[in-house]
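S.K.: Using only what follows, build the 3D model:
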Amino acid sequence: MFKKPLSNLKTSAPLRGSDRRKLRQKVVQAYQISNEEGDLLVPDGLQSVKFLTHLEEPGTAYLAPDGRDPLWFSIGKDSDELIPTVYTLWKRPGLLPWVSTPEAVIPKLIGGADLMIPGVVQWSPAIAEGQLVAIVQYTPDESKRGYPLAVGHMSVDKGTLHQDGKGKAVYVKHTWRDTLWDMGRGGEIPDPMTIDLPASPQDSSSQVEGNPTAPVIGASNDRSPNPESGGASSDNAQAVELTPDDVSAVLRSSLLQAIQTTLSKTPQSSFPIIATTLYTNSVLPSRPAFPSPYSETPVDVKHSSHKSLTAFLKAMEKEGLITLKVPKGKAGGDVVVTAVNAKHPDVESHSSYTTIADIEARKEKREQREVKERSKVKEHAVTEKYKPMGSGSVRFFEDCGKNTSALYTAPEIRAIINQYVQDKQLVNVREQQYINIDETLQKAMQGCDPDTQFLKRDDLVRFVIGKMQSWHEITPDGKDPILKKGALKPISVAVKIRQGRKAATLITGFEPFLLVAEDLADELRKLCASATSVSPAPGKSSGQEVLVQGKQAQVVTDLLLGKGVPKKWIEVHDLLDGKKK
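M.R.: Model (predicted):
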């Protein structure tokens, strides 16, 4: 569905409050969740954007309030079905029933293939033909389950799956890393989540098929969901909103991760470490990157059951994970951590996961790699040229013995004028910096004041060039030069207010540098994590205009420089405050 870039992508716009509430109610009813969870999955400030798929099917995507991650989408002109994106399913993995497939199948799904019956390994009990399901990566560890990587409609019932039939099992609508996913901020696949194993042997049959209710902190998974509910259990409705105890559990896990991975390798001479420093530099970066409920509640000590960092660390010291030194008396002082216990059983048994610091490190490395790749790109060679035009300009070049059909650069024209001035001895005797204007020069400067008797050399060159026909030549690195008539104008990067108080960045005039509007829009959509669109440029120009939401002038400039456009030929206009850079 989204294997190729979207076309006719419109500028996103915030939904009206009434429309957002209708959308929320539709989600609440369709997925049998509470109104509170509906507010979390369909947040206030939701934005919508229209598009066409590569199959020319109309659709609507609903973006997060910051205009980045797509959360829901619908396909078809009259479709009422709201489909959650992978971003939403990572927040709430139990929203849909699921089927699992081996890791080797995932790239094929991302490439646009549907899931075939032989590729289905396990499935949840609550699936039926035509039902919307999530596709997860199969893991042989029965205590774990992968996060959703695709969403689609079942083409068969589970009876057919039991029979090991042939044909398609799921018509895939959207996957991780497809073009809809790329509209958002992206991200790597989270580590598999831990699930509850069946409490007794008689429960094992349902667990072989699967339990569609995803495990989340603070939620119970000891009961099967109602098949009529679409695979979502109401017991999980509040799981996205973490309780103080949940936050405390996450912080404790983050401390275990920090001790196991970094603090245990810290030389003893580095201790004691001020408590706030350890919390900021070790615990917070060690928070899990993708656990489903964490994105809705700030995971910091203020929202925990401890309420303060000192109370949290004292609790950890009581468990034997760390050793503290707490200052006494009213004079106070900093609480410091004097040691960590890397041999603690909970530290040794802790299962490492992808952290926020890991994601930020990957992002930084990717950005550095992109900068390095851009530095390898050589600038396009841009040469402005001029051709004699009009009787006065043509006569001047004839008198100088030059070809009137040739093109000349500004330095070449200056050299020709200097030689003419020298041959005719036109340097002003009294003022050496001035040139006496004879009849030939007067005609070469058509339209100049006829009473002008002398000019400075630079002004003379400028007047003569101003009456010639402009051309330009662009030579991309490793390619043949491209020569065109007309003066070359800089690429315009304008930041302005659109749709009330919303800022947008518009790019025009990029075609002479061999840049394609659709390609620019696609790259900027990923780099800026914002919606983009392509439309005809305003005015009489036959060019196109690329729009990207937000104040993205620096990102656009860096991208253009990375494509070989010389900085001289990029002009930034900040129309928010009337400045030009």
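
S.K.: Next, count neighbours for P125.
M.R.: Around P125 there are 18 other residues, counting by other C-beta atoms under 10 Å. (C-beta placed from N, C-alpha, C; glycine too.)

S.K.: quick one: low-confidence ranges for the stretch 451-581 of the chain?
M.R.: 499-500, 540-541, 577-581 (pLDDT under 70).

S.K.: Report the buried residues of whichever helix in the chain runs longest.
M.R.: If you go by DSSP state H, the chain has its longest helix at helix 356-375. Neighbour counts over helix 356-375 (16 or more other C-beta atoms under 10 Å) mark 356-359 as buried.

S.K.: Likewise for stretch 487-494?
M.R.: By 16+ other C-beta under 10 Å, the buried positions in stretch 487-494 come out as 488, 491-494.

S.K.: Would you mind confirming that G38 makes contact with Q29?
M.R.: No. Assessed by C-beta atoms under 8 Å, G38 is found out of contact with Q29, at 9.2 Å.

S.K.: Could you check which of the two is surrounded by more residues?
M.R.: G38 (20 against 10).

S.K.: For the helix or strand harbouring that one, name the packing helices and strands.
M.R.: When elements are assigned from DSSP states H and E, G38 belongs to helix 35-41. In terms of contacts (3 or more C-beta pairs under 8 Å, 6 or more residues apart in numbering; DSSP states H and E), helix 35-41 is packed against helix 17-31, helix 86-91.

S.K.: Just say which of those helices is most tucked in.
M.R.: helix 86-91 (a mean of 24; mean count of other C-beta atoms under 10 Å).

S.K.: right, and the helix or strand after that helix?
M.R.: Proceeding N to C from helix 86-91, the next assigned helix or strand is strand 98-101, under DSSP H and E.

S.K.: what about P102, neighbour count?
M.R.: Around P102 there are 12 residues (other C-beta under 10 Å).

S.K.: Surely it touches P118?
M.R.: No. Assessed by C-beta under 8 Å, P102 is found out of contact with P118, at 10.3 Å.

S.K.: distance of R462 from M468?
M.R.: Counting by C-beta to C-beta, to the nearest Å, the gap from R462 to M468 is 11 Å.

S.K.: what's the answer for V461, then?
M.R.: Separation of V461 from M468 (C-beta to C-beta): 11 Å.

S.K.: list residues touching both of those two?
M.R.: Common neighbours of V461 and M468, using C-beta atoms under 8 Å, 6 or more residues apart in numbering, are I413.

S.K.: rewinding a little: may I see the buried residues of the helix or strand just after the longest helix of the chain?
M.R.: Moving toward the C-terminus from helix 356-375, the next helix or strand (DSSP H and E) is strand 381-387. By neighbour count on 16+ other C-beta under 10 Å, the buried set for strand 381-387 is 382, 385-387.

S.K.: Of all pairs in the residues you listed, which one is the farthest apart?
M.R.: The span of the buried residues of strand 381-387, defined through C-beta to C-beta, is set by V382 and K387 at 17.2 Å.

S.K.: what about the strands in the stretch 101-250 of the chain?
M.R.: Assigned by DSSP state E, counting those that start in this stretch, the strands in the stretch 101-250 of the chain fall at 115-116, 122-123, 132-137, 144-145, 148-154, 168-175, 193-194.

S.K.: Go through these and pick out the most buried.
M.R.: Using mean count of other C-beta under 10 Å, the stretch among these with the largest mean neighbour count is strand 132-137, at a mean of 26.

S.K.: Remind me what it packs against, helices and strands.
M.R.: Packing partners of strand 132-137 (3+ C-beta pairs under 8 Å, 6+ apart): strand 98-101, strand 148-154, strand 168-175.

S.K.: could you give the mean pLDDT of it?
M.R.: Averaging pLDDT along strand 132-137 yields 94.

S.K.: what does that strand contact?
M.R.: The contact list for strand 132-137 (C-beta under 8 Å, 6+ apart) reads 81, 83, 89, 93, 95-103, 106, 109, 115, 123, 127, 145-154, 170, 172, 175, 189, 192, 230-231.

S.K.: Compute the inter-axis angle for it and helix 17-31.
M.R.: 70 degrees (axes from the mean of the first three to the mean of the last three C-alpha atoms, to 10 degrees).

S.K.: May I have the strands that pair with strand 132-137, each with its orientation?
M.R.: According to DSSP bridges, strand 132-137 forms sheet pairs with strand 98-101 (parallel), strand 148-154 (antiparallel).

S.K.: From the buried residues of strand 381-387, pick the one nearest I570.
M.R.: Closest to I570 out of the buried residues of strand 381-387 is V382 (11.7 Å), distances taken as C-beta to C-beta.

S.K.: Backbone dihedrals for the residue nearest to L560 when sequence neighbours are not counted, please?
M.R.: Closest residue to L560 apart from its sequence neighbours, by C-beta to C-beta, 6 or more residues apart in numbering: I570 at 5.4 Å. I570 has phi and psi values of phi -120, psi 120 when expressed as degrees, to the nearest 10.

S.K.: Use 57 as the first number from now on
M.R.: Got it, first residue is 57 now, which makes that one I626.

S.K.: If we go by neighbour counts, what in the helix or strand harbouring H629 is buried?
M.R.: When elements are assigned from DSSP H and E, H629 belongs to strand 626-630. Of the residues in strand 626-630, 626, 628-630 count as buried by neighbour count, 16+ other C-beta under 10 Å.

S.K.: just stretch 495-504 next, same as before
M.R.: 496-501, 504.

S.K.: farthest-separated two in these?
M.R.: Spatial extent of the buried residues of stretch 495-504 (C-beta to C-beta) is set by the pair T496 and C504 at 12.8 Å.

S.K.: Any figure for the gap between Q475 and M524?
M.R.: Q475 sits 17 Å away from M524, going by C-beta to C-beta.

S.K.: So which helix or strand of the protein has the lowest pLDDT on average?
M.R.: Least confident helix or strand of the chain, by mean pLDDT, DSSP states H and E, is helix 260-265 with a mean of 38.

S.K.: Which elements pack onto the strand holding H629?
M.R.: Helices and strands touching strand 626-630, by 3+ C-beta pairs under 8 Å, 6+ apart, are strand 547-554, helix 609-618, strand 635-636.

S.K.: so which of the ones you listed gets nearest V357?
M.R.: V357 sits nearest to helix 609-618 of all these, at 34.4 Å, using C-beta to C-beta.

S.K.: That closest one - contacts with which helices or strands?
M.R.: Applying 3+ C-beta pairs under 8 Å, 6+ apart, we find helix 609-618 packed against helix 412-431, strand 547-554, strand 558-564, helix 573-584, strand 626-630.

S.K.: Buried residues, the fourth one. List them.
M.R.: Read it as helix 573-584. Across helix 573-584, burial judged by 16+ other C-beta under 10 Å covers 573, 576-581, 583-584.

S.K.: In TSV: these, plus distance to S325.
M.R.: Putting those into TSV (distance: C-beta to C-beta, whole Å) gives the following:
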residue	distance to S325
A573	58
L576	53
A577	54
D578	51
E579	48
L580	48
R581	49
L583	43
C584	45
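
S.K.: Settle it for me: which of Q475 and M524 has more neighbours?
M.R.: Per other C-beta under 10 Å, whichever of Q475 and M524 has more neighbours is M524, with 21 against 13.
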